[in-house]
Structure formats: structure tokens, C-alpha cells
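Asker: quick one: sequence plus predicted model below, questions after.
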Amino acid sequence: MQALTSARLDATFAALADPTRRAILMRLAGGEASVNELAEPFSMSQPAISKHLKVLEKAGLISCGVNAQRRPRKLEAQPLAEATQWLERYREFWEESFQHLDAVLEELQAGEAHAAKKKGSKRRKK
């Protein structure tokens, strides 16, 4: 199961690495679309778009339906949910690290304020 999850995460992140594929996914988040509809905003050939779609399909991020003559693509959200879950663990790590850093900074600022106050009281005594 771990190897399957790792391979799926690898495929998901590899697919997401390309801005064209991310744009295709964003378009599909609004609903199904044909290859021609997906190709419209891009200045590339239909075979080039088809290659991007194959990468997305292989990663499980989209699926191809059949509607008469039309073969609409649709977003499959499960791999994105798995990637989000994997990233969530690291978000928690960074939040804890930043909380620790905040505590250290507060200690330093309190120490500087105390030192400045002490220095100010010595000047008044002179």
C-alpha cells in the first residue's frame, strides 16, 4: 500500500509540475470539457494538449467519459486529496517550528527590553 501511495504521489506531483496541466485542472474544476474546449486557451497543437491529458489521466487526476461522439474529460479529485493530506503533515511541522521561533523572539525582545530598562535606570542614578 505504501509503494502504491508513493507512486501515486509521485505521479500527482509530476503532473502538477507543469503550468499547462495545472490550468487544465483548474478549467475542469468548473465542469467537464472536451479536448477542443480544453485546448482553446492555449497556443499549442491538439496533439500537445493530448499529451498533457495523458499525463493527467495516468496520474489519475482526470478521467475520460463517453457522451455519444464526445469524450469529455472530468476532474478526479482523490489524488489531489491524497497530495493535500501528505502536505498537511509538513504544514503542521512548519507551524510548530514558527511557534517555537515566535517564542524565542519574544524571549529575546523581553531580554532586550529588560536590558534597556536597566541601562536607563543606571543613567538616572549618575
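Answerer: Nice, I can see it.
Asker: what sits against the closest residue to residue 58 other than its chain neighbours?
Answerer: Leaving out its chain neighbours, the residue that sits closest to residue 58 by C-beta to C-beta, 6 or more residues apart in numbering is residue 11, at 6.4 Å. For glycine as for every other residue, the C-beta is placed from the backbone atoms N, C-alpha and C. By C-beta atoms under 8 Å, 6 or more residues apart in numbering, the residues touching residue 11 are 58, 59, 60, 79.
Asker: near the first one, how many other residues are there?
Answerer: Residue 58 is flanked by 12 other residues according to other C-beta atoms under 10 Å.
Asker: returning to what we had before: out of the contacts of residue 11, which is most surrounded?
Answerer: Neighbour max across the contacts of residue 11 (other C-beta under 10 Å) = residue 59, 23 neighbours.
Asker: can you tell me which residues contact that one?
Answerer: Per C-beta under 8 Å, 6+ apart, neighbours of residue 59: 8, 11, 12, 14, 15, 79.
Asker: do I have it right that residue 55 meets residue 13?
Answerer: No. Judged on C-beta atoms under 8 Å, residue 55 makes no contact with residue 13 at a distance of 11.7 Å.
Asker: how far does the helix ranked longest in the chain sit from the chain's center?
Answerer: Counting by DSSP state H, the longest helix found in the chain is helix 78-125. Chain-centre distance of helix 78-125: 25 Å, with C-alpha atoms, centre = their mean, to the nearest Å.
Asker: same for that helix, what does it pack against?
Answerer: helix 2-16 (3 or more C-beta pairs under 8 Å, 6 or more residues apart in numbering; DSSP states H and E).
Asker: now do the helix it packs on against helix 78-125, angle only.
Answerer: On the basis of axes from the mean of the first three to the mean of the last three C-alpha atoms, to 10 degrees, helix 2-16 is oriented at 80 degrees to helix 78-125.
Asker: next structured bit after helix 2-16?
Answerer: Once the chain leaves helix 2-16, the next helix or strand it forms, by DSSP states H and E, is helix 19-28.
Asker: for that next one, enumerate the helices and strands it packs against.
Answerer: By 3+ C-beta pairs under 8 Å, 6+ apart, helix 19-28 packs against helix 2-16, helix 35-39, helix 46-58, strand 62-64, strand 73-75.
Asker: lovely, talk soon.
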